[in-house]
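Undergrad: Okay, sequence plus prediction incoming.
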Amino acid sequence: MSISIAKAQKAIGRKVSLNGWVYRKRESGGIVFIVARDSSGILQIAIKKDSVDDASWKAATATTIESSIKVTGTVKEEKRAPTGFEMQAAKFRNVQISEPYPITEYQSTELLLDKRHLWLRSRKMTEVMKARSYIFRYTRQFLDKKGFYEVTPPIITKAGGETGADMFEIDFFGQKAYLTESSQLYAEVMEFALEKTYSFVPSFRAEKSRTTKHLAEYWHLEPEMPYFTNEQAMGLEERMVSYIANTLATKNPDILKNLEVSPETLLNIKPPFERISYEKALEILNQKGLKKAWGDDFGVEDERALTEDKDKPIFVHSWPREIKPFYMPINPKDERTVLSSDMLAPKGHGEIIGSGVREWRLKELLERMKEVEEKKGIKFNMKNYEWWIDLRRYGSIPHAGFGMGMERLIKWLLNLDHIRDAIPFPRMVNRLEP
């Protein structure tokens, strides 16, 4: 039986058994008080010397923090206990007695990262990982309800996604290959067979960034939608993000409360989200003294300045063509820009979605690739892209798509200080272990 079930009203006064780990321990006279934990929560257990057999008493006095245990007893309400419930133990056994636990109450961030394999069982990280699992589930639920098919692209590729820069190069049986930075090209292939598709796999970026929102390995959601315009893509994105936030708040309020996040805050995430052009965003940033010029990308401070007073995400659309990928078509209403948008999370949590129309015309795509080569000094190996360019030769259609970094979404929804806590084992410029 789990701890959450043991604390349910129907279990009060009944003898129940549970398995767990020792979270806290103290002794007072002839009583050992243990706070046990499992994935569902914590429960105080009272082991009284005169109420248990000798083996149970010896086991209780010998047990240590993080020992694995089996307990049988009667659950009652107890206002003095941490959760308002207590088990009066009848039998207590150690499954394995833990060695002295290396994590104590006050530890450095680096030690907690070094001991990540142990820190993940902390109460906060347990709740974050549960929320992460539900967020992944609700993301798939939304897209499945909208008629999308999930596809499974390769992680190893010869084609360099957005720019080919900042990719992890590997030796693939003597050939140069990369860990993918985006599965978009492969999702587009499947779009011509299945229509609405999405890939949901890890992506890799070799950026030497040390900000609170960058990971070298992260989970990347990338849907592709036939015949969608930029505006339609933004509409789908805001409905999806709202669905995830609202469903998490409705179905998992206890997890949010344990992480000191108000469910009501997420219930208020409703479409439509504010839309501002890149040009308008520049005006706002310059008014705030950040001195941005046309063609400048936005960094952490810029995104914070644009969203610090917002309660839900905003879109910044119509970005300059020189700072966006080669596959985005030129905006016919303003040739300085491309048909694109970014969704920025509120309160400075930063970009969570990059989105745009895909250039579906062969001639225009080749021209955009040539433009990027000339202006950015990037040389495309056309042989590696020929299979993808073929899509523009055989039954091409207008389409749009987007990429959402799941850890950035989780960081915002759970109001985490750093993205490293949104993933079990963070991979960053200075972190490869455990």
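TA: Nice, I can see it.

Undergrad: going forward, measure contacts between C-alpha atoms and count neighbours the same way
TA: Noted.

Undergrad: Who are the contact partners of Lys370?
TA: Counting by CA atoms under 8 Å, 6 or more residues apart in numbering, Lys370 makes contact with nothing.

Undergrad: And the helix or strand that contains it, what's buried?
TA: Using DSSP states H and E, Lys370 falls within helix 362-376. By 16 or more other CA atoms under 10 Å, the buried positions in helix 362-376 come out as 365-366, 368-372.

Undergrad: In JSON lines: the residues you listed, plus pLDDT and distance to Glu188.
TA: Shown next, in JSON lines, are these (pLDDT from 0 to 100; distance: CA to CA, whole Å):
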{"residue": "Leu365", "pLDDT": "97", "distance to Glu188": "14"}
{"residue": "Leu366", "pLDDT": "97", "distance to Glu188": "17"}
{"residue": "Arg368", "pLDDT": "94", "distance to Glu188": "18"}
{"residue": "Met369", "pLDDT": "93", "distance to Glu188": "17"}
{"residue": "Lys370", "pLDDT": "94", "distance to Glu188": "21"}
{"residue": "Glu371", "pLDDT": "93", "distance to Glu188": "22"}
{"residue": "Val372", "pLDDT": "89", "distance to Glu188": "21"}
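
Undergrad: quick check, nearest of the residues you listed to Lys158?
TA: Met369 (16.8 Å; CA to CA).

Undergrad: So for the nearest residue to that closest one once chain neighbours are set aside, what's the pLDDT?
TA: Counting by CA to CA, 6 or more residues apart in numbering, Met369 lies nearest to Phe326, which is 5.6 Å off, once chain neighbours are set aside. We have a pLDDT of 92 for Phe326.

Undergrad: What degree of burial does Phe326 show, as a neighbour count?
TA: 24 (other CA atoms under 10 Å).

Undergrad: swap in Glu86?
TA: 26.

Undergrad: Could you measure from it over to Leu362?
TA: Separation of Glu86 from Leu362 (CA to CA, to the nearest Å) stands at 69 Å.

Undergrad: Could I get the CA-only coordinates of the helix holding Lys370 as PDB?
TA: Presented in PDB, the C-alpha positions along helix 362-376 are these (Å, rounded to 0.1, in the frame of the first residue of the first chain):
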ATOM      1  CA  LEU A 362      11.900  25.000 -54.400                       C
ATOM      2  CA  LYS A 363      13.300  28.100 -56.000                       C
ATOM      3  CA  GLU A 364      12.700  30.300 -53.000                       C
ATOM      4  CA  LEU A 365      14.200  27.700 -50.600                       C
ATOM      5  CA  LEU A 366      17.400  27.400 -52.600                       C
ATOM      6  CA  GLU A 367      17.600  31.200 -52.800                       C
ATOM      7  CA  ARG A 368      17.300  31.400 -49.000                       C
ATOM      8  CA  MET A 369      20.000  28.800 -48.500                       C
ATOM      9  CA  LYS A 370      22.300  30.800 -50.800                       C
ATOM     10  CA  GLU A 371      21.500  34.000 -49.000                       C
ATOM     11  CA  VAL A 372      22.500  32.400 -45.600                       C
ATOM     12  CA  GLU A 373      25.700  31.100 -47.200                       C
ATOM     13  CA  GLU A 374      26.700  34.500 -48.400                       C
ATOM     14  CA  LYS A 375      25.700  36.500 -45.300                       C
ATOM     15  CA  LYS A 376      26.600  34.100 -42.500                       C
END
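
Undergrad: How far away from the center of its chain is that helix?
TA: In terms of CA atoms, centre = their mean, to the nearest Å, the centre of helix 362-376 is set 33 Å apart from its chain centre.

Undergrad: ok, back up a step: how about the buried residues of helix 362-376 in JSON lines, adding distance to Lys91?
TA: Shown next, in JSON lines, are the buried residues of helix 362-376 (distance: CA to CA, whole Å):
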{"residue": "Leu365", "distance to Lys91": "72"}
{"residue": "Leu366", "distance to Lys91": "74"}
{"residue": "Arg368", "distance to Lys91": "73"}
{"residue": "Met369", "distance to Lys91": "71"}
{"residue": "Lys370", "distance to Lys91": "75"}
{"residue": "Glu371", "distance to Lys91": "75"}
{"residue": "Val372", "distance to Lys91": "71"}
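
Undergrad: Quick one: distance of stretch 301-310 to the chain centre.
TA: 20 Å.

Undergrad: Within its sheet, name the partner strands of the single longest strand found in the chain and how each one runs.
TA: Taking DSSP state E as the criterion, the chain has its longest strand at strand 15-28. If you go by DSSP bridges, strand 15-28 pairs up with strand 31-38 (antiparallel), strand 68-77 (antiparallel).

Undergrad: Among those, which comes closest to Pro313?
TA: The nearest among these, by CA to CA, is strand 31-38 at 35.0 Å.

Undergrad: neighbouring contacts of the closest one?
TA: 2-3, 19-27, 42-49, 60-61.

Undergrad: Mind doing that once more with 6 Å?
TA: Residues outside strand 31-38 that contact it (CA atoms under 6 Å, 6 or more residues apart in numbering): 20-27, 42-48.

Undergrad: Repeat that for stretch 218-235.
TA: With CA under 6 Å, 6+ apart, stretch 218-235 has contacts from 196-203, 356-357, 398-406.

Undergrad: Which members of those residues occur in strands, if any?
TA: 197-203, 356-357, 399-405.

Undergrad: mind checking how far stretch 169-189 is from the chain centre?
TA: 23 Å.

Undergrad: Please, which helix or strand holds the closest residue in space to Lys288 that isn't next to it in sequence?
TA: Distances taken as CA to CA, 6+ apart put Ala305 closest to Lys288, at 7.6 Å, once the chain neighbours are dropped. Assigned by DSSP H and E, Ala305 belongs to helix 300-307.

Undergrad: So for that helix, what gets flagged as buried?
TA: 302-307.

Undergrad: pLDDT on that helix, on average?
TA: For helix 300-307, the per-residue pLDDT averages 97.

Undergrad: ok, now which ones touch Trp412?
TA: Contacts of Trp412 (CA under 6 Å, 6+ apart): His349.

Undergrad: Buried ones in the helix or strand encompassing it, by neighbour count?
TA: Trp412 belongs to helix 406-413 when assigned by DSSP H and E. Buried residues in helix 406-413, counted by 16+ other CA under 10 Å: 406-413.
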